[in-house]
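Peer 1: predicted model follows, preceded by the sequence.
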Amino acid sequence: MSLILENIDRLVGGETYINDVSLELQPGSFNALLGRTLSGKTSLMRLMAGLDAPTRGRVWMNGEDVTGRSVRKRNVSMVYQQFINYPNLSVYDNIASPLRLARVKRREIDRRVREIAEMLHIAPFLDRLPLELSGGQQQRTAMGRALVKDADIILFDEPLVNLDYKLREEFRDELRAVFAERNCIAVYATTEPAEALALGGNSAVLHEGRLVQYGRTEEVYHRPRTILSAEMFSEPPINIIDGCVSGTEVTFDSGWHFPLDDDLRALPAGEYRFGVRASHISLTPQAGDDIEMRMSVDLAEISGSETFLHVHNERVHLTVHLAGVHEFCVDAPVTLYVPTHKVYVFDREGAVVHIPSHLGGI
Amino acid sequence: MAEIALKSLAHSYLDAPGSPQDYAIREMDHVWHQGGAYALLGPSGCGKSTLLNIISGLLEPTRGDVLFDGERVNALPPEARNIAQVFQFPVIYDTMTVYDNLAFPLRNVKTPAARVHERVMEVAEVLELTPQLKRKAKNLTADEKQKVSMGRGLVRDDVSAILFDEPLTVIDPQLKWKLRRKLKEIHQRFEITMVYVTHDQLEASTFADKIAVMYEGQVVQFGTPRELFETPNHTFVGYFIGSPGMNFLEITLRDDRVRVGDSALEVEEGMRRAIEAAPSANVKLGIRPEFIEVHEAPVAGGIEASVEHIQDLGTYAIVDLRLGDTSLKARVEEDQSPPTGRAYLRFPAARLGLYVDEYRVEIDHDESP
């Protein structure tokens, strides 16, 4: 089972929802659609499902043109943000419903419902009504319904958004395991880069209805082709500092400068934009090539085991992602270190011209 | 200005509560000191909203006392408690201007106009709402509306505490950190007691100097963000704080060795004694993923584990490990290559916690050489 989108446009009332997207999803692949709200994730999934038809372009499934084929004639499942279940049916009957529609034999239904319920940890609740369950269990029920039939494509539209972070962590680990054993195509929309990374597989970065980059998730993360891709696929977003390269050194507008190393020497002199990942900036020197930066703290956001430090000087604002808990007062001075061998370089148009050598270079 | 104390407080929604499970709040004592920035953190159903409603006066507790500066207020309605509340959704008058919204609580108690003006201007300046003062509230963005909600609490001189109930839920993610900073500034400037109720560890740890973590109707730890991370007092705190949470290993003493499943683990003498002295068979060791040392080759004092999965999270990886029947997660930084197949783990003594019947037990560390 493969799915190919070919030069897809979708316009609604003169407004462009999807802009010339081409995408080829392999059988058995897990694919995250990563993008902010209104980037086109849901629109694209509706086109994949056959809930909407494209304005231009073609959709191919297994080599067959299915562009005009409705959702009912495609074998797809969908899981939404909201926990959508039949409120007056038991959990068992909710999960069994797609199989009953497909007139599967009763004994086979029973086997598959129990198998799925076991896998999703809701076997003890099969006799209950959905509203008697917690939010997490309700979403597990909805997922059970999507997984129980052997769909060719399963679409997840931000399924964990309404769950707390502990449940999200657990679900991600489980989903990965569930799909490792399946041969269907999974498509999973999310606004969170960390979620796409945690799920592995492939990632498609979307922005304003366009496909920014698609590939193996680590590849897209480590080797962004544009600033936009790097910004969309990082949380907090990668820090961008403008600067210029001369024959011997790099000078940032913000006053820092450092000598060109062997990796960067290939860059012609001129103006560039430099990308520094928030997690590459540290409170202690890491290597001989670090730039030292004296900044002032806007806020230390602490998330249990991590700290997001917002800092600024006269010219730039930066965000730093530190492991562990670090408490800072608002407006406190802080000295930070950026390892120059880990910076990305983009040209003025935003195309990547340098990738750190430990990630394979350009 | 007030200290809020809860004395032998318990609450049940049932008419005749019997077992501890019948209580939404199990008997507890707690003090919120004057001027502190606090958070009440826990998952849904832990009792934090019940506790908030008892403090604000929306709910009268089944037992115990609510004391404001030593004075019992159990039966006082919310309006008699001089407490301001900021809810998930902004509570403002849409048809009034921002100025009139801010002035409303003062005019209500017949404050002289000059004083009203002075306070409104001061609060508007702190909240950066001065340019919006003449606008109708309905034309504001969600974050501006929520700032007006906060401002209505701050203008009153007589407010002894502000309670926040998930106040940033409706705020755009990109604007959240700015409001978080604003809240901290407000706290520093007004020195008012603030209690922030949330299920989100980031909201709690960013705002509060001290966090009360609630679980099954009880405060299981009251500590700084660093304490919750480094020395969780209860297994629930270890699990709930941090992503991923703390690892817990069930241990036994057999043939004079501390064991995880069949593997023997070398521990400090003090830890050993504490394990031997444990009054229960429910004994666990806790260690955070950040503090497990992961080696590719055998090391002295290392315990062998199998590598189940590696999650590449960009600039670090989470390695899923298996040690007998126990699953563990360890964090490996990008500069270190993650192991494959087998791994050898060390648990630094200073980072290893002992948990007996789910609560942390302090141990004497060996003299360091």
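Peer 2: Happy to help now that I have it.
Peer 1: and stretch B:54-68, what's its mean pLDDT?
Peer 2: Across stretch B:54-68, pLDDT averages out at 94.
Peer 1: how about that stretch: buried residues?
Peer 2: Across stretch B:54-68, burial judged by 16 or more other Cβ atoms under 10 Å in any protein chain shown covers B:Ile54, B:Ile55, B:Ser56, B:Gly57, B:Leu59, B:Pro61, B:Thr62, B:Gly64, B:Val66, B:Leu67, B:Phe68. Just so you know, the C-beta spots here come from the backbone N, C-alpha and C atoms, and that holds for glycine as well.
Peer 1: same thing with stretch A:143-150?
Peer 2: A:Met143, A:Gly144, A:Arg145, A:Ala146, A:Leu147, A:Val148, A:Lys149.
Peer 1: how about stretch A:174-189?
Peer 2: For stretch A:174-189, by 16+ other Cβ under 10 Å, it's A:Leu175, A:Arg176, A:Val178, A:Phe179, A:Cys184, A:Ile185, A:Ala186, A:Val187, A:Tyr188, A:Ala189.
Peer 1: and if you look at stretch A:119-137?
Peer 2: Neighbour-count burial for stretch A:119-137, counted by 16+ other Cβ under 10 Å, picks out A:Met119, A:Leu120, A:Ile122, A:Phe125, A:Leu126, A:Leu129, A:Pro130, A:Leu133, A:Gly136, A:Gln137.
Peer 1: how about stretch A:81-93?
Peer 2: Across stretch A:81-93, burial judged by 16+ other Cβ under 10 Å covers A:Gln81, A:Phe83, A:Ile84, A:Asn85, A:Ser90, A:Val91, A:Tyr92, A:Asp93.
Peer 1: one more: stretch B:77-88?
Peer 2: Per 16+ other Cβ under 10 Å, stretch B:77-88 contains these buried residues: B:Pro78, B:Arg81, B:Asn82, B:Ile83, B:Ala84, B:Gln85, B:Val86.
Peer 1: and of these, the nearest to chain A?
Peer 2: B:Val86 (18.9 Å; Cβ to the nearest Cβ).
Peer 1: what about that closest one, distance to B:Glu185?
Peer 2: 15 Å (Cβ to Cβ, to the nearest Å).
Peer 1: how about the longest helix along chain A and chain B, any contact?
Peer 2: Criterion DSSP state H: the longest helix present in chain A is helix A:165-180. Yes. On the criterion Cβ under 8 Å from any Cβ of the partner chain, helix A:165-180 is in touch with chain B at A:Tyr165, A:Lys166, A:Glu169, A:Asp173, A:Arg176.
Peer 1: remind me what the next helix or strand after that helix packs against, helices and strands.
Peer 2: Heading C-terminal from helix A:165-180, the first helix or strand you meet, by DSSP states H and E, is strand A:185-190. Secondary-structure packing of strand A:185-190 (3 or more Cβ pairs under 8 Å, 6 or more residues apart in numbering or on different chains; DSSP states H and E): strand A:30-34, helix A:41-49, strand A:153-157.
Peer 1: point out the most buried one among the ones you listed.
Peer 2: strand A:30-34 (a mean of 27; mean count of other Cβ atoms under 10 Å in any protein chain shown).
Peer 1: tell me the gap between that strand and the middle of its chain.
Peer 2: Offset of strand A:30-34 from its chain centre (Cα atoms, centre = their mean, to the nearest Å): 6 Å.
Peer 1: once you drop chain neighbours, what's closest to residue 336?
Peer 2: No chain was given, so I picked chain A. A:Met293 (4.8 Å; Cβ to Cβ, 6 or more residues apart in numbering or on different chains).
Peer 1: to clarify, I was referring to chain B.
Peer 2: B:Val294 (7.7 Å).
Peer 1: show the pLDDT at the one you found.
Peer 2: 96.
Peer 1: just checking, it touches B:Val319?
Peer 2: Yes. Contact criterion Cβ atoms under 8 Å: B:Val294 and B:Val319 qualify, at 6.3 Å.
Peer 1: joint contacts of these two?
Peer 2: Residues touching both B:Val294 and B:Val319 (Cβ atoms under 8 Å, 6 or more residues apart in numbering or on different chains) are B:Ala330, B:Val332, B:Pro338, B:Pro339, B:Ala343.
Peer 1: can you tell me which of those comes closest to B:Ala10?
Peer 2: B:Ala330 (40.7 Å; Cβ to Cβ).
Peer 1: and the closest one, how many neighbours does it have?
Peer 2: For B:Ala330, the count of nearby residues is 25 (other Cβ atoms under 10 Å in any protein chain shown).
Peer 1: remind me which helix or strand it belongs to.
Peer 2: Secondary structure (DSSP H and E) places B:Ala330 in strand B:326-333.
Peer 1: same question, A:Met143
Peer 2: Following DSSP H and E, one finds A:Met143 within helix A:135-148.
Peer 1: that helix - contacts with which helices or strands?
Peer 2: By 3+ Cβ pairs under 8 Å, 6+ apart, helix A:135-148 packs against strand A:76-79, helix A:91-101, helix A:106-119, helix A:165-180.
Peer 1: contacting residues for the residue nearest to B:Gln336?
Peer 2: Applying Cβ under 8 Å, 6+ apart, the residues near B:Val294 are B:Val319, B:Leu321, B:Ala330, B:Val332, B:Gln336, B:Pro338, B:Pro339, B:Ala343, B:Tyr344, B:Leu345.
Peer 1: who are the contact partners of residue 154?
Peer 2: No chain specified, so I'll use chain A. A:Val76, A:Ser77, A:Met78, A:Val79, A:Ala146, A:Leu147, A:Cys184, A:Ile185, A:Ala186, A:Val187.
Peer 1: please refer instead to chain B.
Peer 2: Counting by Cβ under 8 Å, 6+ apart, B:Leu154 has contacts B:Ala84, B:Val123, B:Val126, B:Leu127, B:Ile162, B:Ile186, B:Phe190, B:Ile192.
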